[in-house]
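**Student:** need a 3D model of the following:
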Amino acid sequence: MTDSQISRNRHLYNPEEAIGVIAAQSLSEPATQMTMRTYHFAGTAGIQVTLGLPRIIEIFDARKDLATPTMEIHLLKEHQTPEKAKKVAENIKEVKLKDLLISDVIDLTNLEIICKLDPKMMKQLDIDMDYIKKAIKLKKVKVESEGNELRVASTTLDVKNLHKLKYKLLELHIKGIKGVTQAIISKERGEEWIINTLGSNLKKVMKIEGVNPYKSSCNNIFEVMDVLGIEAARNAIIRQARYTLDEQGLNVDVRYIMLLADLMTFTGQIKAIGRYGIAGEKASVLARAAFEETKKHLISASIRNDYDDLSGIVENIMINSLIPAGTGSYNLYGHIPMGPAKPAAAQKKEKTVKKPASKKATRGAEKKKTKVVKKAPPKSKKAGKK
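**Tutor:** Numbering: from 1, shown residues only. Below is the predicted model:
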């Protein structure tokens, strides 16, 4: 046998082998050795990204709100320069009014907020005062500007509302993509410039000029599904899980991760591995009760009059029966060679034949059937002579 045939045979499995249990064990055992640490991207400021066990839990629990959502943004060839890459990063990073602020003062006499903005920062980000005034879409507010000063007055004569207005004003979104708080440029994979972000919005990033939509990705699986579809989400689960395990030095066969990713996405939606996902939707009542919330499943099953056909592995283990896996998946039927087998129709006819009657009954029946014929007596010779 060649080396390729030997390696191919190593990855084969026998019919009805419990590959689900093997995959679960192969993933769960290394996960117990994972640490709870975070990892830095190389960069001037550095981005802390959740990895290790918390990240594995996020992936397989299918969580929508991640601790550290990130994006890896690739650029087109014509934007592969530090200056152009920096410009793309500036268009992606969220800019709030407080980022442009030099100082802010609350004028209690005139009930207005005076904000002094940084003209250098505004020029760098290509923002003018008219652009900022259009971005302020607050109700019951009067906006005026003078040089680099922005004056915002409240129409409601209330000091308490003025402090609330100041907080809303400083947190106001001016430019970039909401939620993307950091965007760091780094040179990776040879001569390619890449932007790593803290915060994600894949749909809006795809529309920014200079971004390569075919290579850019994010670690939020639900965003990948919304933008690129369920198959892309499946690949994202495999890639993210594999990267997290490899980063910790844990060698897990990719086929186990692929099996789990298929299980999470085969319905067309992303489902978690847990009581609110795959484990909670099993057909067997006993299998659901064995996982979590035992009382709840048993009581609801008794109310609904549910029936368990004991077709799975877990429920058969619970009742100490042969599990439908391995050799227990087959029933052996045989025919004992006692002569030529008769067809089913002939066997049915034999079963319907009546039992023979008793000897007395047969004799009585024969007597009834036979007719007694009496012969006339022969004529005498004397009578003939007469």
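
**Student:** so which residues of the stretch 101-250 of the chain form strands?
**Tutor:** For the stretch 101-250 of the chain, the strands defined by DSSP state E, counting those that start in this stretch cover 101-107, 112-117, 141-146, 149-154, 173-175, 182-188, 192-198, 217-218.

**Student:** would you reformat these as JSON lines and include mean pLDDT and mean neighbour count?
**Tutor:** Just so you know, the C-beta spots here come from the backbone N, C-alpha and C atoms, and that holds for glycine as well. Formatted as JSON lines, the strands of the stretch 101-250 of the chain follow (pLDDT from 0 to 100; neighbours: other C-beta atoms under 10 Å):
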{"stretch": "strand 101-107", "mean pLDDT": "81", "mean neighbour count": "13"}
{"stretch": "strand 112-117", "mean pLDDT": "84", "mean neighbour count": "19"}
{"stretch": "strand 141-146", "mean pLDDT": "81", "mean neighbour count": "13"}
{"stretch": "strand 149-154", "mean pLDDT": "82", "mean neighbour count": "19"}
{"stretch": "strand 173-175", "mean pLDDT": "87", "mean neighbour count": "17"}
{"stretch": "strand 182-188", "mean pLDDT": "84", "mean neighbour count": "17"}
{"stretch": "strand 192-198", "mean pLDDT": "88", "mean neighbour count": "21"}
{"stretch": "strand 217-218", "mean pLDDT": "90", "mean neighbour count": "22"}
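
**Student:** of those strands, which is nearest Leu310?
**Tutor:** Closest approach to Leu310 among the strands of the stretch 101-250 of the chain (C-beta to C-beta): strand 217-218, 43.8 Å.

**Student:** got the strands of the stretch 101-250 of the chain as JSON lines, with distance to Ile238 columns?
**Tutor:** Shown next, in JSON lines, are those (distance: least, C-beta to C-beta, whole Å):
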{"stretch": "strand 101-107", "distance to Ile238": "44"}
{"stretch": "strand 112-117", "distance to Ile238": "47"}
{"stretch": "strand 141-146", "distance to Ile238": "49"}
{"stretch": "strand 149-154", "distance to Ile238": "49"}
{"stretch": "strand 173-175", "distance to Ile238": "35"}
{"stretch": "strand 182-188", "distance to Ile238": "21"}
{"stretch": "strand 192-198", "distance to Ile238": "21"}
{"stretch": "strand 217-218", "distance to Ile238": "12"}
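
**Student:** contacting residues around the residue nearest to the spatial centre of the chain?
**Tutor:** Of all residues in the chain, the one closest to the mean position by C-alpha atoms, centre = their mean is Ile270, 2.7 Å from it. For Ile270, the contacting residues are Ala62, Ile221, Phe222, Met225, Ile230, Ala233, Ile237, Met264, by C-beta atoms under 8 Å, 6 or more residues apart in numbering.

**Student:** let's see that with 10 Å instead.
**Tutor:** 62, 64, 221-222, 224-225, 230, 233-234, 236-237, 261, 264, 277 (C-beta atoms under 10 Å, 6 or more residues apart in numbering).

**Student:** same check on Ser302?
**Tutor:** Contacts for Ser302 (C-beta under 10 Å, 6+ apart) come out as Val285.

**Student:** separation between it and Thr35?
**Tutor:** 44 Å (C-beta to C-beta, to the nearest Å).

**Student:** name the SS class of the residue nearest to the centre of the chain, please.
**Tutor:** Under DSSP: H, G, I helix; E, B strand; the rest coil, the three-state class of Ile270 is coil.

**Student:** pLDDT score assigned to it?
**Tutor:** Looking at Ile270, its pLDDT reads 91.

**Student:** quickly find the element holding the closest residue to it other than its chain neighbours.
**Tutor:** In space, and not counting its chain neighbours, Ile270 is closest to Ala62: 5.0 Å by C-beta to C-beta, 6 or more residues apart in numbering. Ala62 is part of no helix or strand when elements are defined by DSSP states H and E.

**Student:** Ala62 reaches Tyr276, doesn't it?
**Tutor:** Yes. With contact defined as C-beta atoms under 10 Å, Ala62 and Tyr276 form a contacting pair (9.2 Å).

**Student:** tell me how many other residues surround the closest residue in space to Ala325 that isn't next to it in sequence.
**Tutor:** Distances taken as C-beta to C-beta, 6+ apart place Ala18 nearest to Ala325, at 4.4 Å, with adjacent residues excluded. Other residues near Ala18 number 16, with proximity taken as other C-beta atoms under 10 Å.

**Student:** please verify my assumption that Ala18 contacts Thr327.
**Tutor:** No. Assessed by C-beta under 10 Å, Ala18 is found out of contact with Thr327, at 11.6 Å.

**Student:** how is this structure divided into domains?
**Tutor:** With domains defined by automatic domain parsing, the chain comprises 95-175, 284-324.

**Student:** quick check: the gap between Lys134 and Lys98.
**Tutor:** Distance of Lys134 to Lys98, computed by C-beta to C-beta: 18 Å.

**Student:** compare neighbour counts for these two and give me the winner.
**Tutor:** Ranked by neighbour count (other C-beta under 10 Å), Lys134 and Lys98 place Lys98 first, with 14 against 10.

**Student:** ok, now which ones touch that one?
**Tutor:** Asp104, Cys115, Tyr167, Leu169, Leu170, Glu171, Leu172, Ile174.

**Student:** between those, which sits nearest Asp126?
**Tutor:** When the contacts of Lys98 are ranked by distance to Asp126 (C-beta to C-beta), Ile174 comes first, at 11.4 Å.
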